[in-house]
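**Student:** Sequence unavailable; structure follows:
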């Protein structure tokens, strides 16, 4: 009974920040539902200039992580709140370099994760990362 009441009374809240790129389609940067945050996939767009960061895969990954941080911070969270991440990459040969950059954002107990190679990503980027976080 208590669980049913709790679920029925949670509200969906849109999370938006100018410190991360605006969505390039019909979606939001993140949705908060209760204590859970569902962050849409972020790519390497510099929110200050609107420029796409490409070339060096580690630089691209760091920009993605900075964008994720901005969305998490807008919701009052940080990387320690991430429960699950999904990494989409164009070339599995870049896995080690992406992993090296990604790992720098987690002090201890990194989240659950999958990494998958895909045939294409928005704007021709090499990496996209989405996360689920919770308080």
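**Tutor:** Structure's in. What do you need? Just so it is clear, the structure is predicted and the values come from calculations on it, not from any experiment.

**Student:** how about low-confidence regions in the chain?
**Tutor:** Scanning the chain for pLDDT under 70 picks out 1-9.

**Student:** Residue 18 contacts residue 47, doesn't it?
**Tutor:** Yes: using C-beta atoms under 8 Å, residue 18 is in contact with residue 47, at 6.7 Å. Quick note: C-beta positions are derived from backbone N, CA and C, even for glycine.

**Student:** okay, those two: which has more neighbours?
**Tutor:** residue 47 (16 against 10; other C-beta atoms under 10 Å).

**Student:** Now do the contacts for the more buried one.
**Tutor:** The contact partners of residue 47, by C-beta atoms under 8 Å, 6 or more residues apart in numbering, come to 18-22, 67, 70.

**Student:** in the protein, which spans are strands?
**Tutor:** Using DSSP state E, the strands of the chain run over residues 12-15, 30-33, 36-42, 82-89, 112-117, 127-134.

**Student:** Tabulate these (CSV), appending mean neighbour count and distance to residue 61.
**Tutor:** Output for those, formatted as CSV (neighbours: other C-beta atoms under 10 Å; distance: least, C-beta to C-beta, whole Å):
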stretch, mean neighbour count, distance to residue 61
strand 12-15, 13, 22
strand 30-33, 19, 19
strand 36-42, 21, 11
strand 82-89, 19, 9
strand 112-117, 12, 12
strand 127-134, 21, 6
